[in-house]
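Enquirer: Got a sequence here, can you model it:
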Amino acid sequence: MALRPLERDGITLERLKAEHRVFLPVEPVPWRDRRFQTPSGKYELISNIVRQKGMDGRLQIMYPAESKESNPLLAAKYPYRLLTIHPLGSNHLQHYPLIPALQMVHIEVAADVADERGHTDGDQVLVYNDCGSLAGTFKVFDGAYPGTINIDEGQWGGVWRFV
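Expert: Reported below is the predicted structural model:
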């Protein structure tokens, strides 16, 4: 039923099973006509609409409530930044059961975190904070920003638990 509207573009369940992924028939860049959905049609660094509502209107850095900038005490307790990046191979988690390589949780960490924690590739580790935990397989992520841990969005199926 979900694929029926795409059949006219040649996207069928059989094709998905055979090819594993198919590009959707959509424009790859939403502003291909060089017009943004703003009153001016341009990318706006300063929003006049927001100014009219009594706010500053300029871009501002807004740190998460649990960051070291906003909450140094919590950051001292949990010194690493967890990044839940959107995976390249799937839209959120709905394709994970179809992709064998995604059947285990991959916990990628920056080299400095690996050195501090004494872990090596393939170790089974637990990532946790006051809200919950996630178990997975450890891997050093070359080129990762220092102090970061990366777990692809949606890689929690079946292992997430609240503490």
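Enquirer: wait, residue 108 sits on residue 149?
Expert: Yes: look at residue 108 against residue 149 with CB atoms under 8 Å: they come within range, at 7.2 Å. (C-beta placed from N, C-alpha, C; glycine too.)
Enquirer: Low-confidence regions, this protein specifically.
Expert: 88-99, 101-102, 155-163 (pLDDT under 70).
Enquirer: Helices of that one, start to end?
Expert: Assigned helices in the chain, in chain order: 13-19, 48-52, 72-77, 111-117 (criterion: DSSP state H).
Enquirer: Mean neighbour count, those helices: which tops it?
Expert: Of all these, helix 111-117 carries the top mean neighbour count, a mean of 15, counting by mean count of other CB atoms under 10 Å.
Enquirer: mind checking how far that helix is from the chain centre?
Expert: Distance, stretch centre to chain centre, for helix 111-117: 22 Å (CA atoms, centre = their mean, to the nearest Å).
Enquirer: Residue numbering should commence at 31 henceforth.
Expert: Okay, residue one is now 31; in that scheme the one you just asked about reads as helix 141-147.
Enquirer: re the thing from before, as TSV, the helices of the chain with distance to residue 183 would be great.
Expert: Compiled in TSV, these are given as follows (distance: least, CB to CB, whole Å):
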stretch	distance to residue 183
helix 43-49	21
helix 78-82	29
helix 102-107	22
helix 141-147	20
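Enquirer: Which of those sits closest to residue 156?
Expert: Within those, the stretch nearest residue 156 is helix 141-147; the backing value is 11.2 Å (CB to CB).
Enquirer: Domain-wise, how is the protein divided?
Expert: 31-90, 93-193 (automatic domain parsing).
Enquirer: Need the winner for burial among the ones you listed.
Expert: Using mean count of other CB under 10 Å, domain 93-193 ranks as the most buried of the domains of the chain, with a mean of 14.
Enquirer: so where do the strands sit in the protein?
Expert: 111-113, 136-139, 154-158, 163-170, 178-180 (DSSP state E).
Enquirer: So for residue 32, which of those sits nearest?
Expert: Of all the strands of the chain, strand 136-139 sits nearest to residue 32, with 28.0 Å by CB to CB.
Enquirer: Kind regards, and thank you for your time.
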